[in-house]
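1. here is my input, please return the structure:
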Amino acid sequence: MRIRIEPSHLHGMIEAPPSKSMAHRLLICGGLAEGTSVIHGISDSDDVKVTLSCLSAVGAAYQKNGSTAEITGTDIRSVPSEIHLDCHESGSTLRFFIPLCLMSGQKITLTGTKKLLSRPLDIYEAICKEQGLHYLHGSDSVEVCGRLSSGDYKIPGNISSQFISGLLFALPLCGGDSTISIIPPIESRSYLELTMEALAAFGVKVCWTDDKTILVRGNQHYKPANVTVEGDYSNAAFFAALKLFGADIEITGLSEQSRQGDKAYLKFYEMLEKGTPTIHIGDCPDLGPVLMAVAAAKNGAVFRETRRLKIKESDRGAAMAEELAKFGVSVTVHEDSIVVYPVNFHAPKEILHGHNDHRIVMALSTLLTITGGEIDGAEAVRKSLPEYFELLKSLGAEVTEYET
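-> Below you'll find the predicted structure:
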């Protein structure tokens, strides 16, 4: 799908979309609970649908009515043999489910796109090798078999927190206690806090014993709960960015007490308005594309701890550099840093490309509300926020969609 956005003055009120990160976590907890849970604020994003489908495949039952899901949990240790989980393009689903599949003792195959399966999974491979569990990683699938053991786990902190979160879902169901020692530096700690918050809502207790060690008691049980997914700072950031360019927008539904790491956009936007800052995004890599877009139209910036942008839905640093060049902006991408130079910011003279990445599409759309222009591959927003362009229109944006 191609979209065209005309320069527009935007105004109005918008409710923050529900957090995809918390939806994954709450649904999985509900799917493991001994009873029926009610979870409010479930979006129709592709990734959330994938998690629901995988929960169904392992034996959980759910009904979805609008944005509310009722889910009856299953005993993940007693799933049928030879089942297949299709994770499509959802990295969260794949990384959260691999340890859960290793609770069953059955051979389970997890599939997904080749792009998804090319993203790192070495941590789980190493754990399986150490414990003598079956692990086979192909170009579009991962096959596992065996039962994960309780014990002492040592995990690098400079990788995706999703690996640690996956273990946090599974280890409470083991027969003994476990510890997860995280080797500093620890990136994306905020996402671990979200996982621990979700676990606590379903009666599962894990705790920090110091600033780099998590204690997980074994023999715990997930209890059913009635919970609501909080508003998403990750997607709200794209709408808040519009305010930096003159839009009169109020965003509701965001908790000031939220532990979401992407809440950091509040301070980062102030820094980008005032000068040419150096910003560390190790704890909030998903903000990378929109921060680069704002820097391009403002005063430039230096972004550090950007290494993980390479292993998202696209190589986000390189993708944004390629697209921002069409706005006259120079970007230098280094191994773990990115520099944005707003040399001669202007309307793009070429069609932009979304790189099959929802956050690239939304970041570029933010700039097009100023300059006007077109984006090919705009359907990528369905991954996290399928209603994105309708929300833009509700604020007064002139958006035309073309099927290509």
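2. for the stretch 251-400 of the chain, just list every one of the strands.
-> Taking DSSP state E, counting those that start in this stretch, the strands of the stretch 251-400 of the chain run over residues 278-280, 301-304, 330-333, 337-341, 352-353, 373-376, 398-402.
3. which parts of stretch 189-208 are buried?
-> 189-196, 198-199, 201-204, 206 (16 or more other CB atoms under 10 Å). Every C-beta, even on glycine, is put in place using the N, C-alpha and C of the backbone.
4. just the ones of those residues in strands?
-> Judged by DSSP state E, strands contain the following of those: V206.
5. right, and the strands of the stretch 251-400 of the chain - which one's nearest I39?
-> strand 398-402 (31.0 Å; CB to CB).
6. I'd like the mean pLDDT over the closest one, please.
-> The average pLDDT within strand 398-402 is 94.
7. what is that strand packed up against?
-> Judged by 3 or more CB pairs under 8 Å, 6 or more residues apart in numbering; DSSP states H and E, strand 398-402 is in contact with strand 2-6, helix 388-394.
8. among those, which comes closest to L116?
-> So among the helices and strands packed on strand 398-402, helix 388-394 is nearest, using CB to CB, at 21.3 Å.
9. so what does the closest one touch, helix or strand wise?
-> strand 11-15, helix 233-243, helix 358-371, strand 398-402.
10. most packed of the ones you listed?
-> Sort these by mean neighbour count, taking mean count of other CB atoms under 10 Å, and helix 358-371 sits at the top with a mean of 26.
11. the stretch 101-250 of the chain: helices as residue ranges?
-> 114-117, 122-131, 162-170, 189-201, 233-243 (DSSP state H, counting those that start in this stretch).
12. from the contact counts, what lies against the longest one?
-> Where contact means 3+ CB pairs under 8 Å, 6+ apart, helix 189-201 is packed against helix 20-32, helix 162-170, strand 206-210.
13. again with the third one
-> Using 3+ CB pairs under 8 Å, 6+ apart as the contact definition, the elements that helix 162-170 packs against are helix 20-32, helix 91-101, helix 122-131, strand 152-156, strand 178-183, helix 189-201, strand 213-216.
14. residues of that helix that come out buried?
-> So for helix 162-170, counting by 16+ other CB under 10 Å, buried means Q162, F163, I164, S165, G166, L167, L168, F169, A170.
15. make CSV out of the helices and strands packed on helix 388-394 and add distance to K349.
-> Listed next are the helices and strands packed on helix 388-394 as CSV, based on distance: least, CB to CB, whole Å:
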stretch, distance to K349
strand 11-15, 29
helix 233-243, 23
helix 358-371, 10
strand 398-402, 19
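16. quick one: closest of the ones you listed to G275.
-> Closest approach to G275 among the helices and strands packed on helix 388-394 (CB to CB): helix 233-243, 17.2 Å.
17. just the CA atoms of that closest one, as CSV, please.
-> The C-alpha trace of helix 233-243 is given here as CSV (Å, rounded to 0.1, in the frame of the first residue of the first chain):
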residue,chain,number,x,y,z
TYR,A,233,4.3,5.4,25.1
SER,A,234,6.0,3.7,22.1
ASN,A,235,3.2,4.6,19.7
ALA,A,236,2.2,7.8,21.5
ALA,A,237,5.7,9.1,20.7
PHE,A,238,4.8,9.4,17.0
PHE,A,239,1.8,11.6,17.8
ALA,A,240,3.7,13.6,20.5
ALA,A,241,6.3,14.4,17.8
LEU,A,242,3.7,16.2,15.8
LYS,A,243,3.4,18.7,18.6
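18. could you give the angle of that helix to helix 189-201?
-> 130 degrees (axes from the mean of the first three to the mean of the last three CA atoms, to 10 degrees).
19. from the contact counts, what lies against helix 233-243?
-> helix 20-32, strand 248-252, helix 265-274, helix 288-297, helix 358-371, helix 388-394.
20. run through who's touching the fourth one.
-> By that I understand helix 288-297. The contact list for helix 288-297, computed with CB atoms under 8 Å, 6 or more residues apart in numbering, reads 237-238, 241, 244-245, 265, 268-269, 272, 279, 281, 301, 303, 306, 309, 316-317, 319-320, 324, 327, 329, 331, 338, 340, 342, 345, 357, 359-360, 362-364, 366-367, 370.
21. list the buried residues of that helix.
-> By 16+ other CB under 10 Å, the buried positions in helix 288-297 come out as G288, P289, V290, L291, M292, A293, V294, A295, A296, A297.
22. over to the third one?
-> Using 16+ other CB under 10 Å as the test for burial, helix 265-274 gives Y265, F268, Y269, M271, L272.
23. separation between the nearest residue in space to S394 that is not next to it in sequence and Y269?
-> Leaving out its chain neighbours, the residue that sits closest to S394 by CB to CB, 6 or more residues apart in numbering is G12, at 6.4 Å. Counting by CB to CB, to the nearest Å, the gap from G12 to Y269 is 19 Å.
24. now swap in A16 and tell me
-> 15 Å.
25. ditto for S365
-> For S365, the distance to Y269 - CB to CB - is 17 Å.
26. swap in D336?
-> 23 Å.
27. same check on I108?
-> Counting by CB to CB - I108 and Y269 are separated by 43 Å.
28. and the residue nearest to K223 when sequence neighbours are not counted, what is it in contact with?
-> The spatially closest residue to K223, leaving aside those adjacent along the chain, is G203, at 3.6 Å (CB to CB, 6+ apart). For G203, the contact set (CB under 8 Å, 6+ apart) comprises Q220, H221, Y222, K223, A225.
29. kindly report the same for S178.
-> S178 neighbours (CB under 8 Å, 6+ apart): S150, G151, D152, Y153, L167, L171, L215, V216, G218.
30. make TSV from the residues you listed and add pLDDT to it.
-> What follows is the contacts of S178, written out as TSV (pLDDT from 0 to 100):
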residue	pLDDT
S150	97
G151	97
D152	97
Y153	98
L167	98
L171	98
L215	98
V216	98
G218	97
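31. any of these buried? List them.
-> Buried subset of the contacts of S178 (neighbour count, 16+ other CB under 10 Å): S150, Y153, L167, L171, V216.
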